[in-house]
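1. next input, structure requested:
(2 chains, ligands or ions: 2)
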Amino acid sequence: MMRKKILFFSILFFLIYFFIYPIFFIVYQSFFHQNKFTLELFKIALTNYSIRKSILNSILLGIIVVITTSIIGIPLAFIFDRINFKGKSLFRILFLLPMISSPFVGAIGIKQVLSRFGSLNILLIKLNLIKNPISFFGSGFSGIVILQTLHLFPIMFLNISSALNNYDISVEEASYNLGASKIQTFLRITFPLILPGYFTASSIIFIWSITDLGTPLVFEFNQLISVKIFHMLKDINTNPVGYCLVFMILILTLPLFIFIKRYIEKIPYTTDRTVLRIVEKNLKGKSLFLLYFFFSLILFFSLLPHFSMILYSFSKKWFFSILPEKYTLEYYKIVFSHRLTKTGILNSLIYSSLSTTFDIFLGFLIGYILARWKIRGKNILDIISMMPLVIPGIVLAFGYVVTFSNTILDPKNNPVFFIILSYSLRRLPYIIRTTYSSFLQISENLEEASYSLGADNLITFKKIVFPLVSPGIFAGGILAFAFSLMEVSCSLILAIREKFYPISKVIYTLAGRVTDGPNTACSLGVLGMIITAICLFISTKIIMKKIGEFFRIG
Amino acid sequence: MKKEILAVENIEKSFDGKEVLKNISFTVYENEFFFILGPSGCGKTTLLRIIAGFTQPDRGRVILNKKDITNLPPNKRNIGFVFQNFALWPHMKVKENIAFGLEIRKYPGDFIEKKVKEILELTKLKDVENLYPSQISGGQQQRVSLARALITNPQILLLDEPLSNLDAKLRDEMRSELKRIFKETGKTMIYVTHDQKEAMTLGTTIAVMKEKEIVQIGSPYEIYTYPRNFFVASFVGDINFLKGKIIEKIGEILKIETEEGLFYAKYKRPLNSENILFCFRPESITNKGENLIKGKMRDFEFLGNLLRLNIITERGNLFKIEILPKDFENYRNGEDIVFSIKKEDVILLEE
Ligand SMILES: Nc1ncnc2c1ncn2[C@@H]1O[C@H](COP(=O)(O)OP(=O)(O)O)[C@@H](O)[C@H]1O
Ligand SMILES: [Mg+2]
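-> Numbers count the residues shown, from 1 in each chain, chains lettered A, B, ... in the order given. Ligands and ions are numbered 1, 2, ... in the order given. Here you go, the predicted structure:
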């Protein structure tokens, strides 16, 4: 019992020191100046036109993106839930593809297609449809909206799909049976049932959108809180307004934690649920054709950033023309030979593997404790370990820079520790959930059976517990690896010197260079996309096969 | 003198202030097939888990072979456990599941192989040794969990409702299988169930539990013929009840006044109250003699070789009796059915 307590409190202490404390530090700094309470910073922030504008812009951006992703994601989810058509499972996968690369890389590519002198405008002018080029991105704001929407709508799609999947279709039939109309049934039955899922997806998307740093930077749109924070970090000591901007982000994101946590806790753990879902409506002929058309349209636009990125990475000359005039493999050669790109790839591989290892280790431990131990203070551990869901990368990275500056760990000297730590903390909730639910699926009797045959804790863990939960953890680990590899916000903020740059910061730096910089950035982006896709593929294979095998009965 | 294997002394257990076990004591002797019989939720699983060491009792001791093992961890006890849900390890093949206990004890490979072979034969699992638990039937899963627990030759084997996860037909089959395996291995076992039929057909001793307490321990015969109280009497087999008041004691004969007239019963142990409940089994009746009851036949059904009649008296009391079909005419008296219960067959209950 004593050993358990020591372990438990060490974990708790670690999380509090490296996760809660930096956040508190920021909050403290926004209200206290030389240990005296003051609202001065807020006054400065709110009277400054540019900052006020940024706050409003960020909130507006978040809301618009929630709306646009809803408009695409919800109908898609309903179509997949209620209608049968050929190619359903293929489309289901295709609609998840937009998630595999971060929008800021896609932004570099899509600028080539949608900018004032990009492919589309030139095409339209050549077809004599327009006289003057259209500005699709405006000041950059609409560009961010487009890119984020295309990247994030799968989150809406996934969440609504699973919400629809979680209840038995007979609850709707019961409503019809009692005389309710379709609309009444939707409003009284379906809608309330999917509402928690909708709130969660909206919260995740909102947080993601307002704290995204890479996309606005590529569009050079500076009137957003995230960008303001990024720029203010450099001289935070002389101008501490940054603290209260981070505080405002926390005010916007933290309350959403309640939704998200409650929702995640309700996700059913057993794989052998038999919710009855018989889809009877089959599409044929003209309506099927319409559906395909609609799908292709969404896919075309959502994959446009990726296509243009791929194209750009191969293009030798692509100015004022619809498609590149010449193709080359040159930029891929550069990726593998240039010092900066080579360092970036190596760094990212190191950071991601270490953070994933740490994630698996810590996630496994915490998941196990939450599922199996009876110990006081468990709730606190549960809450703290789930909080990274709503603590954005910029907040965490900002916190590390300000809290630990001039200490032994100062990220300005060597950010490796904090880069790895921030990568792992951000994925930790997912790993914990995976472990936790694996443990809940495995009856405690399986462990007891081993004890009753004379096995001790270690053998039981090695032979029973680990083999049973490891496929899920492993799959989660691969995902964590993929996401860390392309992580943007923490990387942009924490890696200040070139020798510590991970891939994303290299891409960002290259994109800003004239001549062949953007092309090389795109090649690196394509590389990252391929690795991510492979990881996703492997991890779903593991989840489907191994877990399916274990828990199938009969 | 029978050898004592396991004793449980004054076990008490509460979960979050809710009492689940109260003053549980019993002794299990060598080669006994000891049954704990009680309705679901009465604490049977908790009791078994305390014996196996998965749960700590609040008070009381568990003694195995004269040694106090109350504080010994489960993996040091050498007590076999067959779980209600079988708890087979889904990532191991049947034979790997079975071999586990021997591997833990670090026996040499060829010895393990030989033992596994033996037990596969005993439990008739030869054909499925290389399959995974999810690929075999419920009955086979059941036998794997039994084989896995038996192979280490535990001092005592605990079985928690091992048949409750099987369908009715398999259950009957497995019941005789269990009996055979029990005979062949001669293992001492504690078997927990809520099914009185299992307890009555397999058990050598039965402890009947009612809400956290053991109310009676005895052989199936004793439990059936001399149930101590209403709960035991009604839980084990069918029975008829009648309330009455003792009006006279003549030697060892009691004279009891009831709604259905005067009854005589044999007096077996002291009773604290003159208001009593007495009962008799449907089959322990005759067609003439003392203690007569008269009533109309409401309906009847065939139970294999017996005929069950449901009789309703003028007073409205219901009785079920079981007779041989060919004797039916002997019980008829015009419109009515008349039957008698011998003094010796009247069971007097406390409360
Ligand atoms: N770990 C536990 N925590 C709280 N209550 C429990 C626990 N285990 C059992 N109980 C309670 O103890 C009572 C007896 O349970 P159990 O031993 O499983 O009964 P049985 O096996 O006879 O059906 C039940 O009311 C059950 O709810
Ligand atoms: Mg039970």
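2. low-confidence regions, chain A specifically.
-> Within chain A, the stretches with pLDDT under 70 are A:1, A:168-171, A:173-174, A:178-179, A:266-280, A:320, A:543-554.
3. up against chain A, what does the stretch 151-300 of chain B have?
-> Counting by C-beta under 8 Å from any C-beta of the partner chain, the positions of the stretch 151-300 of chain B adjacent to chain A are residue B:152. For glycine as for every other residue, the C-beta is placed from the backbone atoms N, C-alpha and C.
4. ranges for the strands of the stretch 151-300 of chain B?
-> In the stretch 151-300 of chain B, the segments counted as strands under DSSP state E, counting those that start in this stretch are B:156-160, B:189-193, B:205-210, B:213-218, B:240-250, B:253-258, B:261-266, B:275-280, B:292-303.
5. reformat the ones you listed as a markdown table; add distance to ligand 1 and mean pLDDT.
-> Listed next are these as a markdown table, based on distance: least, C-beta to the nearest ligand atom, whole Å; pLDDT from 0 to 100:
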| stretch | distance to ligand 1 | mean pLDDT |
| --- | --- | --- |
| strand B:156-160 | 7 | 93 |
| strand B:189-193 | 7 | 94 |
| strand B:205-210 | 7 | 95 |
| strand B:213-218 | 12 | 94 |
| strand B:240-250 | 25 | 87 |
| strand B:253-258 | 36 | 88 |
| strand B:261-266 | 34 | 87 |
| strand B:275-280 | 25 | 87 |
| strand B:292-303 | 29 | 88 |
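6. enumerate the residues of the stretch 151-300 of chain A near chain B.
-> Residues of the stretch 151-300 of chain A lying near chain B (C-beta under 8 Å from any C-beta): none found.
7. which parts of stretch A:9-17 are buried?
-> Buried residues in stretch A:9-17, counted by 16 or more other C-beta atoms under 10 Å in any protein chain shown: A:11, A:12, A:15.
8. surely the last one and residue A:385 touch.
-> Same thing as residue A:15. Yes. Look at residue A:15 against residue A:385 with C-beta atoms under 8 Å: they come within range, at 6.5 Å.
9. so can I have CSV of the strands of the stretch 151-300 of chain B showing mean neighbour count?
-> CSV is the format used below for those (neighbours: other C-beta atoms under 10 Å in any protein chain shown):
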stretch, mean neighbour count
strand B:156-160, 23
strand B:189-193, 26
strand B:205-210, 24
strand B:213-218, 18
strand B:240-250, 15
strand B:253-258, 17
strand B:261-266, 17
strand B:275-280, 18
strand B:292-303, 14
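10. for these, which one sits closest to residue A:132?
-> In terms of C-beta to C-beta, the element of the strands of the stretch 151-300 of chain B nearest to residue A:132 is strand B:156-160, at 81.2 Å.
11. list the helices and strands the closest one packs on?
-> Packed against strand B:156-160 by the contact rule (3 or more C-beta pairs under 8 Å, 6 or more residues apart in numbering or on different chains; DSSP states H and E) you find helix B:44-52, strand B:79-82, helix B:138-150, strand B:189-193.
12. who are the packing partners of the third one?
-> If I follow you right, that is helix B:138-150. Other elements packing on helix B:138-150 under the criterion 3+ C-beta pairs under 8 Å, 6+ apart are helix A:444-452, strand B:79-82, helix B:94-104, helix B:109-122, strand B:156-160, helix B:168-185.
13. now the last one: mean pLDDT?
-> So the one you mean is helix B:168-185. Averaging pLDDT along helix B:168-185 yields 85.
14. so residue B:42 lies in a strand, does it not?
-> No. Per DSSP: H, G, I helix; E, B strand; the rest coil, residue B:42 lies outside any strand segment and is coil.
15. isn't it right up against residue B:214?
-> No. Counting by C-beta under 8 Å, residue B:42 stays clear of residue B:214, with 9.7 Å between them.
16. who's the closest spatial neighbour of residue B:219, skipping the chain neighbours?
-> Leaving aside its sequence neighbours, residue B:219 sits nearest to residue B:205 (C-beta to C-beta, 6 or more residues apart in numbering or on different chains; 6.1 Å).
17. how many residues are close by residue 181?
-> Just going to use chain A. Residues contacting residue A:181 under the criterion other C-beta atoms under 10 Å in any protein chain shown number 10.
18. meant chain B actually
-> 20.
19. now it: how far from chain A?
-> Distance, residue B:181 to chain A, by C-beta to the nearest C-beta, to the nearest Å: 18 Å.
20. which non-adjacent residue is nearest that residue?
-> Using C-beta to C-beta, 6+ apart, the closest residue to residue B:181 is residue B:122 (6.4 Å).
21. wait, that neighbour sits on residue B:182?
-> No. Contact between residue B:122 and residue B:182 fails when scored by C-beta under 8 Å: they sit 11.1 Å apart.
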